[in-house]
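J.: Need coordinates for the below:
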Amino acid sequence: MLNANLIPRRLVLLPAALFICACVGDKADLGFSVWSAHEAYAAGLHHAGLDTTALGHAWMDAASHSLAAPMPITVPLHEAVLLDPS
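T.: Modelled structure (predicted):
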């Protein structure tokens with residue numbers, strides 16, 4: 001027969017153990033992300049080992065330059081789109 005005090009402990013310890021195991025790694029994935037698209041792409045390059053390649057270096061350098069000196073725009077931004085009729 002199970003002890004009545006043992007059941008509530010299991011109900012608390014099991015979710016706590018699962019939560020701790022889920023938090024192992026660089027960032028805990030709790031269903032939401034605080035990374036921008038740029039940060040997520042850069043992290044993906046790093047985790048795949050592509051940040052050490054020539055193309056990875058070129059992307060990182062271009063990203064750093066574009067973040068340091070962004071192109072000025074006037075608000076609201078209007079873009080012209082040309083469609084090929086063929």
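
J.: Next secondary structure after the worst-scoring helix or strand of the chain on mean pLDDT?
T.: Lowest on mean pLDDT, DSSP states H and E among the helices and strands of the chain sits helix 6-22, with a mean of 69. Going down the chain from helix 6-22, the next helix or strand is helix 37-48, by DSSP states H and E.

J.: Can you name every helix or strand that the helix or strand following that following helix contacts?
T.: From helix 37-48 onward toward the C-terminus, using DSSP H and E, the following helix or strand is helix 54-68. Packing contacts for helix 54-68, counted by 3 or more Cβ pairs under 8 Å, 6 or more residues apart in numbering; DSSP states H and E, involve helix 37-48. C-beta here means a position set from N, CA and C on the backbone, and glycine is covered the same way.

J.: Pull out the buried residues from stretch 36-50.
T.: Under the neighbour-count criterion of 16 or more other Cβ atoms under 10 Å, stretch 36-50 has Ala42, Leu45 buried.

J.: just stretch 52-72 next, same as before
T.: Of all the residues in stretch 52-72, those buried under the rule 16+ other Cβ under 10 Å are Gly56, Trp59.

J.: quick one: it to chain centroid distance?
T.: When C-alpha coordinates are averaged (Cα atoms, centre = their mean, to the nearest Å), stretch 52-72 and its chain have centres 18 Å apart.

J.: Give me the contacts around that stretch.
T.: For stretch 52-72, contacts defined as Cβ atoms under 8 Å, 6 or more residues apart in numbering pick out His38, Ala42, Leu45, Leu50, Asp51.

J.: farthest pair in these?
T.: Using Cβ to Cβ, the pair of those lying farthest apart is His38 and Leu50, separated by 15.2 Å.

J.: roughly how far apart are the spatially most central residue of the chain and His47?
T.: In the chain, the centroid-proximal residue (Cα atoms, centre = their mean) is Ala40; its distance is 3.7 Å. Taking Cβ to Cβ, to the nearest Å as the measure, Ala40 falls 10 Å from His47.
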